[in-house]
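Engineer: Generate coordinates for the sequence data below:
(chains A and B)
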Amino acid sequence: MPSSHRLPVLGSLALIGIVVAAGAAAFAYTAGWLSPARLTPNKFVEAFAPPTGVSLGHRRNHAKGICFTGIFESNGAGSALSHAQVFSSGQYPVLGRFNLGTPDANAPDASVRVRGLGLRITTPDGQEWRSATISPPFFPVSTPQAFYELLRASGSKDPNAMPAFVAANPEFAKFGAWAKSAPWTGSYAEERFNSVNSFVFVDGAGAEHVVRWSLLPAAQAVPVPPEELAKRGPDFLEQEIAERVAKAPQRWTMVVTVANPGDPTADPSQPWPADRRTVEVGTLTAQQVEAERDGPCRDINFDPTVLPSGIHTSDDPFPAARSSVYAKSYDLRTAEAKDYPRTPTGEKP
Amino acid sequence: MMRHLKHFTPWQRVLHWLMAACIIAMLFIGVGMVSSVRPVYLTLVSIHKPLGIAILVLVLIRLVLRLRYGAPALPADLPAPMKLAAEGSHYALYALMIAMPLIGWGMLSAGAYPVVLFGGWHLPPILPQSDALHALLWDAHFYLAFAFFALILLHVAAALFHALVRRDGVFQTMASAAIHDEMAPAE
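Structural biologist: Coordinates of the predicted model:
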């Protein structure tokens, strides 16, 4: 080859190298490898890890829970807010999970302040509405970033970490007050569960309504001091709900609250004023409780962004963050099934 | 130096470039979404699923065209190792184009997630619910995505090598905008 051709060849090879390197760099950037400060689902999952160690095979938060099945009976009133089939009059099967807001699957029930309810309601049109609601009426912080910092601060050995966090996130004080003053109960059946996050309901005419919702227990809430609950054993909530539902189905009324224009729809730490319009849309009935280990809720991700058409996410940034982090948690725990073994067939009681 | 190289048929070329855009977008969306907790996460996921199914449909059409119309022969003077690499990498690209959407669909099925395409449109599960299958397919989807991207970089590098260094017409078999496929005149 004449020497005059050598330079273009080298130039061409260099160009090819640049194209490949640029492609790889763009990919690495998109994957977050060049942005160590990016808040990723992996970081969230790591921040949830308790000092006692990760409960392998379990959810990374709300790790302790028990399954149930039942029915959601819609009274049809919700159709004025959303055209989702779940709000048409009728009965729809429910798969649910009562749970505790702790990353430790072996935490004693009386030690956990936040209780939760995961729901999956399926409708004949093949769609699903998944949700995960909690007992506090509002979320501790305003943004996913603040929640990550809360996890970091509460897991930190630095005695100044929490005071610094509280100073930087004044909304957290409200949650602290709730945690101190709200009554504890001795049963999942006596708990009110709140969506906390806002979502958008779309009605049959295409009009949008920003809503939150709650599940109000039919059972009378009986306050019990946590010291008293501690004496009932580490798993009293699970035993109690299993016995209670075996005796009689337990019910909650679903109440949807509609935001007024200007309400803080993007900030789950801010409750809306009490006079907002509410609509009772139906009744949740828990009919059968099953242990999680072999139960039907075990391998369900109660991702709150799995929504039927007629419901979509709002400007609240949490559902997206929850979806991303729940997916990571699900990916991890399904790969750890050996650490949370099912009862071998034939040994079931 | 001219060779007896045809082009791919126009529809094969259209599909190649359309799918190239889709697949590269898909891989970037994939690595972007799994590293984000921002609201864009949901947008990316909602594109990832229908785009994956679109790629599956397109690659099946493309496979039929490939079996029907074949591909232009590689230059006779292409060294044997390069020929082997060319053929092997094309088999691998087809395998990944078909497998990745199916693995993703199967992974969602095994995880009991609804496979939502647009609005209320969803696909049926193709596998039973299973934590073990979910874990296996998740790993496969994740690692094969990186292998796929690496293979695409290699494919781009090889295409540019044909175009800029060897100048042997291989690049033009796919890059030509000609609608009528004329045989290149023999020397």
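Engineer: residue boundaries of the strands in chain B?
Structural biologist: B:115-116, B:122-123 (DSSP state E).
Engineer: Could you name the helices and strands sitting against the last one?
Structural biologist: The one in question is strand B:122-123. Packing contacts for strand B:122-123, counted by 3 or more CB pairs under 8 Å, 6 or more residues apart in numbering or on different chains; DSSP states H and E, involve strand B:115-116. Glycine gets a C-beta too; all of them are placed from N, C-alpha and C.
Engineer: who does the strand it packs on pair up with?
Structural biologist: With DSSP bridges as the test, strand B:115-116 is paired with strand B:122-123 (antiparallel).
Engineer: Now do the strand it pairs with: everything it contacts.
Structural biologist: For strand B:122-123, contacts defined as CB atoms under 8 Å, 6 or more residues apart in numbering or on different chains pick out A:126-127, B:53, B:105, B:114-117.
Engineer: Buried only: go through the residues you listed for me.
Structural biologist: A:127, B:53, B:105, B:114-116 (16 or more other CB atoms under 10 Å in any protein chain shown).
Engineer: Check whether the strand or helix carrying residue A:44 comes near chain B.
Structural biologist: For residue A:44, the host element (DSSP states H and E) is helix A:41-48. Yes. Residues of helix A:41-48 contacting chain B under CB under 8 Å from any CB of the partner chain: A:41-42, A:44.
Engineer: Next secondary structure after that helix?
Structural biologist: Criterion used, DSSP H and E; the element after helix A:41-48 is strand A:64-74.
Engineer: helices or strands up against that following strand?
Structural biologist: strand A:90-100, strand A:115-122, helix A:236-247, strand A:278-291.
Engineer: of all those, which gets the most neighbours per residue?
Structural biologist: Burial of those is given as mean neighbour count (mean count of other CB atoms under 10 Å in any protein chain shown); strand A:115-122 ranks first at a mean of 24.
Engineer: What strands line up against it, and which way round?
Structural biologist: strand A:90-100 (antiparallel), strand A:128-134 (antiparallel).
Engineer: relative to strand A:64-74, how tilted is the longest one?
Structural biologist: The reference is to strand A:90-100. 160 degrees (axes from the mean of the first three to the mean of the last three CA atoms, to 10 degrees).
Engineer: Please save the CA atoms from strand A:90-100 in CSV.
Structural biologist: Extracted C-alpha coordinates of strand A:90-100, given in CSV (Å, rounded to 0.1, in the frame of the first residue of the first chain):
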residue,chain,number,x,y,z
GLY,A,90,-69.9,-5.1,41.5
GLN,A,91,-67.6,-7.4,43.4
TYR,A,92,-63.9,-7.8,42.4
PRO,A,93,-61.4,-10.2,43.8
VAL,A,94,-58.7,-8.9,46.1
LEU,A,95,-55.3,-10.2,47.1
GLY,A,96,-53.9,-8.3,50.0
ARG,A,97,-51.1,-8.1,52.6
PHE,A,98,-51.1,-6.7,56.0
ASN,A,99,-47.6,-5.5,56.9
LEU,A,100,-45.3,-3.6,59.1
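Engineer: Give me the mean pLDDT for that strand.
Structural biologist: Strand A:90-100 carries an average pLDDT of 98.
Engineer: what's the angle between that strand and strand A:278-291?
Structural biologist: 60 degrees.
Engineer: picking up where we left off before, Serialize the strands of chain B to JSON lines and add fields for mean pLDDT.
Structural biologist: Formatted as JSON lines, these follow (pLDDT from 0 to 100):
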{"stretch": "strand B:115-116", "mean pLDDT": "91"}
{"stretch": "strand B:122-123", "mean pLDDT": "92"}
